[in-house]
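1. no sequence for this one, just the structure:
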Ligand code: MTE
């Protein structure tokens, strides 16, 4: 395998090839048929940055695809898998606009052709204090942003999920009972967070195209932040001057902020964030309680982004 990164840990390398063969990389010819299939195909000839992947045991594919948060489908954990069963993501377009030299509307198929697909095994830590270890396929967001040439006024990036109540039934008025959010779901990052090589747009999981419940056909992943920042089924990416108001901050500003960096020392007003329930699989003994790490364990890569900032105030 050709590796750009010189800090390769052979253990990680070995682990990654194992994941790949388990998840169908060997069936490349089959996978190459069709756009969605290509979404899950890592470009191994140009594989890179394996040091970003964890070697912790993977969460089972069943748990990753049947224990979800996706309020556009349902509030329950098992609802999104059931209700997204027939979700047809393609054709799909993504708009990149705002403070850019070259606003773009890109077809998902073209995005796949232009981007380098890599495999990353990331921890996902939900603000609700559960976590998983998930093998994703996708590309670095910075590669996509570069196509639109952000200007110096683009200090933040705003993301929007598809707004289509016919296809995302949770967006229908009253669909979630007394609970509601302002649709579309919105998230935001500072430009340096968005340009960080850990920040990924996922197009596949477990070597297969992303299923609807995990945010088909493409969703954001910022592994050092609480899971709600990892917005699903993205249709619009806008470079903006001011911090965008993200959905959860708008809904409960005393509980959720803009940064949402994983931090065991800053409790949620209603529960501690000091530990988490790691989900391994769906069996009775399939979870374990572990300590939560600052920046979800990615501090060596991202702590410098927040130097001098009060992480208690900027929660
Ligand atoms: N994106 C949208 N559009 N809608 C959502 O409800 N839930 C978030 C995030 N992205 C959510 C979303 C939350 S709270 C989490 S923890 C993760 O998606 C869960 O991702 P997963 O279901 O793939 O594990």
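-> Perfect, I can see it now. Note that this is a predicted model, so its numbers are computed, not measured.
2. the strands in this protein, which residues?
-> Using DSSP state E, the strands found in the chain span residues 93-98, 104-107, 118-125, 130-140, 156-161, 186-190, 200-205, 208-209, 219-221, 234-240, 275-279, 287-291.
3. partners of the longest one in the sheet?
-> Take DSSP bridges as the rule and strand 130-140 pairs in its sheet with strand 118-125 (antiparallel), strand 200-205 (antiparallel), strand 275-279 (parallel).
4. could you find the closest non-adjacent residue to residue 87?
-> Setting aside the residues directly before and after it, residue 87 is nearest to residue 212 in space (CB to CB, 6 or more residues apart in numbering), at 3.3 Å. Every C-beta, even on glycine, is put in place using the N, C-alpha and C of the backbone.
5. the ligand: which of the strands of the chain is closest?
-> strand 156-161 (3.7 Å; CB to the nearest ligand atom).
6. picking that back up, what's the most buried one of the strands paired with strand 130-140?
-> strand 200-205 (a mean of 26; mean count of other CB atoms under 10 Å).
7. and the angle from that one to strand 156-161?
-> Calculated by axes from the mean of the first three to the mean of the last three CA atoms, to 10 degrees, strand 200-205 forms an angle of 30 degrees with strand 156-161.
8. deepest-packed of the strands of the chain, please.
-> Most buried among the strands of the chain, counting by mean count of other CB under 10 Å: strand 200-205, with a mean of 26.
9. quick one: contacts of that one?
-> 39-41, 61, 64-65, 112, 115, 117-118, 120, 122, 134-141, 144, 209-211, 214-215, 217-221, 223, 234 (CB atoms under 8 Å, 6 or more residues apart in numbering).
10. center of the chain, which residue is that?
-> Residue closest to the average C-alpha location in the chain (CA atoms, centre = their mean): residue 221, at 2.3 Å.
11. which residues are in contact with that one?
-> Counting by CB under 8 Å, 6+ apart, residue 221 has contacts 120, 122, 124, 136, 138, 199, 200, 201, 202, 230.
12. could you do residue 78 as well?
-> 66, 67.
13. picking up where we left off before, show me the contacts for the residue nearest to residue 87.
-> 73, 80, 84, 85, 87, 89.
14. which of these has the most neighbours?
-> In terms of neighbours by other CB atoms under 10 Å, these top out with residue 80 at 28 neighbours.
15. which residue does the stretch 151-300 of the chain bring closest to the ligand?
-> For the stretch 151-300 of the chain, CB to the nearest ligand atom, closest residue to the ligand: residue 227, 2.6 Å.
16. name the nearest residue to that residue, ignoring sequence neighbours.
-> residue 126 (4.1 Å).
17. ok, now residue 199?
-> That would be residue 141: by CB to CB, 6+ apart, it lies 4.7 Å from residue 199.
18. export the strands of the chain to TSV and append columns for distance to the ligand and mean pLDDT.
-> TSV is the format used below for the strands of the chain (distance: least, CB to the nearest ligand atom, whole Å; pLDDT from 0 to 100):
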stretch	distance to the ligand	mean pLDDT
strand 93-98	14	98
strand 104-107	19	98
strand 118-125	6	98
strand 130-140	6	98
strand 156-161	4	98
strand 186-190	8	98
strand 200-205	8	98
strand 208-209	13	98
strand 219-221	7	99
strand 234-240	8	99
strand 275-279	10	98
strand 287-291	15	98
